[in-house]
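1. only geometry, no sequence info:
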């Protein structure tokens, strides 16, 4: 089976006329008929019923039509992205991302995207995962970037990588020199965590419950940056995704957790059953490549997920 077989098949399924379908794909009727017959022989069943001069699709033909149409659209969009004039695309990409990804991944991806598609407007909003899902369903966003939802239902979640949560404390904290720490050891330790409305907080609470620990939650916040700021100034700890800790932030120690190790899966959220314009697909390609590249780069220098700055203190800028 070759691409031309699918193109001829879709043309005939759309037109239900050998004359019009042949004109659409710029071949003779005999060529079209021969190609359709080849496809039917390969599949082992008829795709069309010929009733006099009329043509109708069989049940198998209707089933194949949907898959073939989607496949051809995907191929055509991929080819369009590779053409020299791909930079002349126009339109808008509407993205919703949670705070963690707006800190590093999104700016890098947007810069790469605009370098390739300077005429496309890109709009990024920092939203909670719940709001991202809601606005995707309402058609107000083209794609979302967040951790895996508990129940995406009518949305499609495309995983990018797995990411461990870590304990972050100040350099003066008694636990700052530890290489690893079991979650049970955080029993009655003062912590600042995300609010209970966040799925990340739910997952952390479940990990504590599993090991029988009850930390003392002295503060709850809605974003990571102020949590890290509080940790740097006190002897309060926090638990965040490893990539949420900026490389240049001073005065902090990052310690991997174990027994259990809380893990999140970031990814792309899409609406189901929807063909995206070429420029939206292009941003997704950049996003996948950048996320993979960052992961491989960490491994290359020996800084793996879950080991980043493990047991090592981030030096203060001023001593």
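-> That came in fine, so what should we check first? Here the structure is a predicted model, which means the values were calculated and not measured.

2. show me where pLDDT drops low in the stretch 51-200 of the chain?
-> 77-78, 80-90, 151-152 (pLDDT under 70).

3. Helices of this structure, start to end?
-> For the chain, applying DSSP state H gives helices covering 3-15, 18-25, 29-43, 59-82, 99-102, 105-116, 129-137, 199-211, 224-233, 278-300.

4. wait, which of those is closest to residue 272?
-> Nearest of the helices of the chain to residue 272, taken as CB to CB: helix 129-137 at 10.0 Å. C-beta: built from backbone N, CA, C; applies to glycine.

5. Which elements pack onto that closest one?
-> Contacts defined by 3 or more CB pairs under 8 Å, 6 or more residues apart in numbering; DSSP states H and E place helix 129-137 against strand 91-97, strand 143-147, strand 155-159, strand 266-271.

6. export these to JSON lines and tack on distance to residue 256 and mean neighbour count?
-> Listed next are the helices and strands packed on helix 129-137 as JSON lines, based on distance: least, CB to CB, whole Å; neighbours: other CB atoms under 10 Å:
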{"stretch": "strand 91-97", "distance to residue 256": "25", "mean neighbour count": "20"}
{"stretch": "strand 143-147", "distance to residue 256": "19", "mean neighbour count": "24"}
{"stretch": "strand 155-159", "distance to residue 256": "21", "mean neighbour count": "14"}
{"stretch": "strand 266-271", "distance to residue 256": "18", "mean neighbour count": "20"}
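
7. Those strands: which one's closest to residue 202?
-> strand 143-147 (11.0 Å).

8. between that closest one and helix 129-137, how big is the angle?
-> Orientation of strand 143-147 against helix 129-137 (axes from the mean of the first three to the mean of the last three CA atoms, to 10 degrees) gives an angle of 160 degrees.

9. Run the angle between strand 143-147 and helix 105-116 for me.
-> Put simply, strand 143-147 runs at 150 degrees to helix 105-116, going by the same axes, to 10 degrees.

10. and residue 222, how many neighbours?
-> 12 (other CB atoms under 10 Å).

11. contacting residues for it?
-> Contact partners of residue 222, counting by CB atoms under 8 Å, 6 or more residues apart in numbering, are 194-195, 198.

12. Let's see that with 10 Å instead.
-> Residue 222 makes contact with 99, 128, 194-195, 197-198 under the criterion CB atoms under 10 Å, 6 or more residues apart in numbering.

13. Dump the helices of the chain to JSON lines, plus mean neighbour count.
-> Output for these, formatted as JSON lines (neighbours: other CB atoms under 10 Å):
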{"stretch": "helix 3-15", "mean neighbour count": "19"}
{"stretch": "helix 18-25", "mean neighbour count": "17"}
{"stretch": "helix 29-43", "mean neighbour count": "15"}
{"stretch": "helix 59-82", "mean neighbour count": "14"}
{"stretch": "helix 99-102", "mean neighbour count": "20"}
{"stretch": "helix 105-116", "mean neighbour count": "16"}
{"stretch": "helix 129-137", "mean neighbour count": "18"}
{"stretch": "helix 199-211", "mean neighbour count": "16"}
{"stretch": "helix 224-233", "mean neighbour count": "18"}
{"stretch": "helix 278-300", "mean neighbour count": "17"}
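
14. Redo those helices as JSON lines? Include distance to residue 266.
-> Formatted as JSON lines, those follow (distance: least, CB to CB, whole Å):
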{"stretch": "helix 3-15", "distance to residue 266": "34"}
{"stretch": "helix 18-25", "distance to residue 266": "42"}
{"stretch": "helix 29-43", "distance to residue 266": "40"}
{"stretch": "helix 59-82", "distance to residue 266": "24"}
{"stretch": "helix 99-102", "distance to residue 266": "7"}
{"stretch": "helix 105-116", "distance to residue 266": "8"}
{"stretch": "helix 129-137", "distance to residue 266": "11"}
{"stretch": "helix 199-211", "distance to residue 266": "11"}
{"stretch": "helix 224-233", "distance to residue 266": "14"}
{"stretch": "helix 278-300", "distance to residue 266": "8"}
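
15. and of these, who's closest to residue 123?
-> Nearest of the helices of the chain (CB to CB): helix 105-116, 10.1 Å.

16. how is this protein carved up into domains?
-> 3-82, 88-161+265-300, 163-264 (automatic domain parsing).

17. ok, what's across the strand from the residue most central in space within the chain?
-> Centroid-nearest residue in the chain: residue 268, 2.1 Å away (criterion: CA atoms, centre = their mean). For residue 268, the beta-bridge partners under DSSP bridges are residue 145, residue 158.

18. about what we covered before: closest to residue 251 out of the helices of the chain?
-> Among the helices of the chain, helix 224-233 sits nearest to residue 251 (CB to CB), with 4.5 Å.

19. helices and strands around the closest one, which ones?
-> helix 99-102, strand 163-170, strand 190-194, strand 216-221, strand 237-241, strand 252-258 (3 or more CB pairs under 10 Å, 6 or more residues apart in numbering; DSSP states H and E).
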